[in-house]
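K.L.:
Predicted model follows, preceded by the sequence.
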Amino acid sequence: MAIFSNDSLRQKHVLITGATGGIGYETAKVLASMGARLTITGRNEEKLLELKQELISLAGEENIFVKTADLTDQASREELVESSAKALGFINGLVNSAGIGGGGVVEELDEETVERVMDVNFKSTLFLTQLVYRKMLEQKEGDIVNLSSLSGLRGTHGNTAYAASKFAVIGWTQSMALEAIEHNIRVNAVCPGYVETEMAWNSIRKKAEKNGISFEEGMKEAAAAIPSGRISTTEEVANTIAFLLTDAARNIVGESLKISGGNFMR
């Protein structure tokens, strides 16, 4: 459930990448309940259409546009932005939620894996944002939220490629924010720690196997390591993203908001 009213984003058009699951999926539902018009994109058309049915009940069919896209391909990115603007008008907001895990300890990294992680998590974010930003410049308004990670603020043992890509997102966010705010366009990032997503489960499962314990025991250890004693929900992250898109956050610029239950302090 959204923590804002059903008109906090009334008629604002927001493009959400990575909408087929996890944080992106939940963010779409929260924004729809706040009155936003939404373009949802990802690679899995079936999941996008499932989400569309949920969103229609919240925002109406006329306010939802679905477009599959390969964000690592420039032509696909261009087609996404142009078709989105044609379908629902000026893009007021962009949520860069698409991302993948990957990599391992340094001695096991290979060039193909590193390139794939950087392409999806950083380069795709940069170049899609560039396309949307050019349109925002025409009207001197807009809000952009990038999904980084707690791993984008501190080193992560055994996950170096992923951490590097998320550090890059933070640097991109902060640098772009300085340019964009001159044009009344705000750019921020959110940095979740463990969230109830498949990516988190895979990470915990991998650690549990390495330590010779069950997945359930690994889950307990992961939660115990967090000062709040629990893993964040996708809804909590989605509500933070929603806040950054509202006028309530109009003077928050270039920030990297942590959603980790205090885990960054340990």
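P.N.:
Thanks, I have it.
K.L.:
Let me see the backbone angles for the closest residue to Gly262 other than its chain neighbours.
P.N.:
Take Gly262 and drop its neighbours on the chain: the residue closest to it by Cβ to Cβ, 6 or more residues apart in numbering is Pro227, 3.4 Å away. Any C-beta I mention is one placed from the backbone N, CA and C, and that applies to glycine too. With angles defined as degrees, to the nearest 10, Pro227 sits at phi -50, psi -40.
K.L.:
Correct me if wrong: Pro227 contacts Gly193.
P.N.:
No. Contact between Pro227 and Gly193 fails when scored by Cβ atoms under 8 Å: they sit 10.5 Å apart.
K.L.:
hey, what's in contact with both of the two?
P.N.:
When contacts are counted by Cβ atoms under 8 Å, 6 or more residues apart in numbering, Pro227 and Gly193 have Gly261, Asn263 as shared neighbours.
K.L.:
How confident was the prediction at Ala168?
P.N.:
On the pLDDT scale, Ala168 is placed at 97.
K.L.:
got it, and Gln53?
P.N.:
So Gln53 comes in at 94 (pLDDT).
K.L.:
Report the separation between it and Ile100.
P.N.:
26 Å (Cβ to Cβ, to the nearest Å).
K.L.:
Please list all residues in contact with Glu26.
P.N.:
So Glu26 contacts Thr234, Glu235, Val237, Ala238 (Cβ under 8 Å, 6+ apart).
K.L.:
Go again with 7 Å.
P.N.:
Under the criterion of Cβ atoms under 7 Å, 6 or more residues apart in numbering, the neighbours of Glu26 are Thr234, Glu235, Ala238.
K.L.:
Can you spell out which residues form a bridge with Cys40?
P.N.:
Actually, residue 40 is Ile rather than Cys. Note on Ile40: beta-bridge partners Ile16, Val66, judged by DSSP bridges.
K.L.:
Distance check, Ser151 against Gly22.
P.N.:
Shown here: Ser151 relative to Gly22, a distance of 16 Å by Cβ to Cβ.
K.L.:
typo on my end, it should be Val106
P.N.:
Distance from Val106 to Gly22, counting by Cβ to Cβ: 27 Å.
K.L.:
coming back round to it: between Pro227 and Gly193, tell me which one has more neighbours.
P.N.:
Neighbour count, other Cβ atoms under 10 Å: between Pro227 and Gly193, Gly193 has more, with 23 against 13.
K.L.:
Quick check: closest non-adjacent residue to that one.
P.N.:
Ser260 (3.2 Å).
K.L.:
So Gly35 versus Val145, what's the distance?
P.N.:
For Gly35, the distance to Val145 - Cβ to Cβ - is 17 Å.
K.L.:
higher neighbour count, the two?
P.N.:
Val145 (26 against 19).
K.L.:
Quick check: the more buried one is in a strand.
P.N.:
Yes. With DSSP: H, G, I helix; E, B strand; the rest coil as the criterion, Val145 is part of a strand.
K.L.:
which ones are touching Val114?
P.N.:
Gly103, Ala161.
K.L.:
so which strand or helix has it?
P.N.:
helix 111-118 (DSSP states H and E).
K.L.:
Heading C-terminal from that helix, find the next helix or strand.
P.N.:
The element immediately downstream of helix 111-118 (helix or strand, assigned by DSSP H and E) is helix 124-139.
K.L.:
ok, the residue positioned nearest the centre of the chain to Phe215 distance?
P.N.:
Most central in the chain under Cα atoms, centre = their mean is Ser97, positioned 2.3 Å from the mean C-alpha point. According to Cβ to Cβ, Ser97 stands 25 Å off from Phe215.
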